[in-house]
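[1] give me a model of this one.
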Amino acid sequence: MRSKILKFQEGEKHCRICGDPMPALSYSDAKRAFVCSKPECQKAFYGHSRRWRWVDEGKIKCQGPGCTNYAPAGWYYPRRKRFFCSGWYITKFYLRRRKPNLKCALPGCEVPIVRPRKRGYRLRFCSIKHAAAYRSQRITRERAGRFAGMLEEFIDNFARIHYCPRTITPVRTDLLRFFVFLRQRGIRSLKRVTPRTISEFRAWEAGGNGGKVWRQSALKYVSVFLAWQIRQGYLKGPNPVIPGPRDGCRTSDGHGWLEEL
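    Residues are numbered from 1 along each chain as shown. Here you go, the predicted model:
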């Protein structure tokens, strides 16, 4: 029968040797004797039995990977072969002994990892950062569609240089909303984007169709993106975004952000 873990409050249990109240602790329900951490109590309880042996402080090194500490002083079984300074190194030691059974699901990573194969978990990742990156890539593919490559090129070659890191997420979000609008209107090329398209996008977004609360900065990011497309030679003609006095653009033609390149 599997044992249960019981939690005791401070003062609920007392030392079997000296009778002092024990601090808050958690033990298996199979434990019958509780002894405090005082050396004389430890020696009086464990010293009479041959099942235990005393290890002094600084005698045995921790066998955890990369650890230089020593196992804490205390009573151990005579047949014990591995000693650790903390539970974290115990977990790390035994995880390294397990053979990898999966690979990280992020494209381009594929680092061997050890993960239990449970129901409902189809993908595995080597870190939380890679899990977030995979989710971002999936959302970009679903919302941007054929414009996903343009968006990633703009983020890598322009946005990461001219925007602070915390602004990258709003830039990506606003451009994804613009691409969702283009796909709903059946626009498959940026060459078909006109000032009328931008006006319809502004009305569509202000009506709550773009998701969360509409922001004035969304049109500014779209203007910079289209101006960057023109400067790179992907588009020809003027910028279809005609900024108003409250849109926050630096010049009337929408190219003010690119003049400093």
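[2] contacts and neighbour counts: CA atoms only from here.
    Noted.
[3] show the average pLDDT along stretch 154-161.
    Stretch 154-161 carries an average pLDDT of 90.
[4] go through that stretch and flag the buried ones.
    Buried residues in stretch 154-161, defined by neighbour count with 16 or more other CA atoms under 10 Å: F154, I155, F158, A159.
[5] in helices only, show me those residues.
    Members of the buried residues of stretch 154-161 lying in helices (criterion: DSSP state H): F154.
[6] which one of the buried residues of stretch 154-161 is nearest R51?
    Distance to R51 across the buried residues of stretch 154-161 (CA to CA) is lowest for I155, with 64.8 Å.
[7] related to what we said a few turns ago, mind putting the buried residues of stretch 154-161 into JSON lines with distance to R196?
    JSON lines is the format used below for the buried residues of stretch 154-161 (distance: CA to CA, whole Å):
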{"residue": "F154", "distance to R196": "24"}
{"residue": "I155", "distance to R196": "26"}
{"residue": "F158", "distance to R196": "26"}
{"residue": "A159", "distance to R196": "26"}
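[8] out of the buried residues of stretch 154-161, which is nearest to G64?
    Lowest distance from G64 to the buried residues of stretch 154-161 (CA to CA) belongs to I155, with 42.1 Å.
[9] relative to F8, how far out is the closest one?
    54 Å (CA to CA, to the nearest Å).
[10] how about F147?
    59 Å.
[11] mind checking which of those two has more residues around it?
    F147 (20 against 13; other CA atoms under 10 Å).
[12] surely that one touches F179?
    Yes: here F147 lies in contact with F179, judged by CA atoms under 8 Å, at a distance of 7.1 Å.
[13] for the helix or strand where E142 lies, name the packing helices and strands.
    Following DSSP states H and E, the helix or strand that holds E142 is helix 128-144. Judged by 3 or more CA pairs under 8 Å, 6 or more residues apart in numbering; DSSP states H and E, helix 128-144 is in contact with helix 165-184.
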